[in-house]
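> everything below, folded, please.
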Amino acid sequence: MTEFNEQLGPIVKNEDRYTATPTRTIDHDVDSVWAMLTDPAHIVDWLAPGTIELKLGGSAKLDFKDSGIVIDSEVSVFDPPRLLEYSWSSLGEPLRPLRFEIEPDGEGSKLTLTLTVPAEENVARSCAGFEARLMMLLAAIEGVPIKLPFERFVSTKESYEQMV
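Got it, this is the predicted structure:
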């Protein structure tokens, strides 16, 4: 079973941006984790319907229908199956790089998410959202997709607010 690490990733403020880096240990190999991050059939189970063109400069489009948020970005870093980055924003919005790094860890993997947001935005809300999404990813990779765990979002948002 995949380990759920209750420890939140640290948040660091650098000039006009915040960067958070939560890490999870996953009892699945690198290729399985990579598929969860890149295959539209799996992305929908933990993030949103959409596609990511698997090449440097490829499009990254995700549609969060319930909230009205649409991500229309491009892949800025691509090194399969260990590194993927695109901006968590749409055209004309400030860049919010979202980087996924996967490395082998024994028989499983270690996934590090690096989320960077402008300092004037609500970093605690963004981090809490991705904590909830990581929980959804861990459930989906085990074959039991879940809806957004709102309680997890609320509790981690409060914790992140105290860290900022």
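> only C-alpha atoms for contact and neighbour calcs from this point on.
OK.
> Thr25 and Leu115, how far apart?
Thr25 sits 18 Å away from Leu115, going by CA to CA, to the nearest Å.
> neighbour count for the two, which is higher?
Shown here are Thr25 and Leu115; by other CA atoms under 10 Å, Leu115 has more neighbours (23 against 19).
> what's the helix or strand encompassing the more buried one in contact with?
With elements taken from DSSP states H and E, the one containing Leu115 is strand 108-118. With contact meaning CA atoms under 8 Å, 6 or more residues apart in numbering, strand 108-118 is reached by 16-30, 33, 94-104, 123, 127.
> same thing with stretch 21-30?
In contact with stretch 21-30 (CA under 8 Å, 6+ apart) are residues 1-5, 8-11, 81-82, 102-105, 107-115, 131, 138.
> what's the first-to-last distance across that stretch?
One end of stretch 21-30 sits 19 Å from the other (CA to CA).
> quick one: the helices in the chain?
Using DSSP state H, the helices found in the chain span residues 30-38, 40-46, 123-141, 150-163.
> quick one: distance of the shortest one to the chain centre.
Using CA atoms, centre = their mean, to the nearest Å, the distance from the centre of helix 40-46 to the centre of the chain it belongs to is 12 Å.
> that helix packs against which elements?
Contacts defined by 3 or more CA pairs under 8 Å, 6 or more residues apart in numbering; DSSP states H and E place helix 40-46 against helix 30-38, strand 50-52, helix 123-141.
> dump the C-alpha coordinates for it into CSV.
C-alpha atoms of helix 40-46 as CSV (Å, rounded to 0.1, in the frame of the first residue of the first chain):
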residue,chain,number,x,y,z
PRO,A,40,-5.2,11.3,-19.9
ALA,A,41,-7.0,8.1,-18.8
HIS,A,42,-5.2,8.4,-15.4
ILE,A,43,-4.9,12.2,-15.1
VAL,A,44,-8.7,12.5,-14.9
ASP,A,45,-8.8,10.2,-11.8
TRP,A,46,-6.8,12.6,-9.6
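> buried ones in that helix?
Pro40, His42, Ile43, Val44, Asp45, Trp46 (16 or more other CA atoms under 10 Å).
> now swap in the first one and tell me
Buried residues in helix 30-38, defined by neighbour count with 16+ other CA under 10 Å: Val30, Val33, Trp34, Met36, Leu37, Thr38.
> would you list these in JSON lines and tack on pLDDT and distance to Ile69?
Shown next, in JSON lines, are these (pLDDT from 0 to 100; distance: CA to CA, whole Å):
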{"residue": "Val30", "pLDDT": "98", "distance to Ile69": "29"}
{"residue": "Val33", "pLDDT": "98", "distance to Ile69": "25"}
{"residue": "Trp34", "pLDDT": "98", "distance to Ile69": "24"}
{"residue": "Met36", "pLDDT": "98", "distance to Ile69": "21"}
{"residue": "Leu37", "pLDDT": "98", "distance to Ile69": "19"}
{"residue": "Thr38", "pLDDT": "97", "distance to Ile69": "19"}
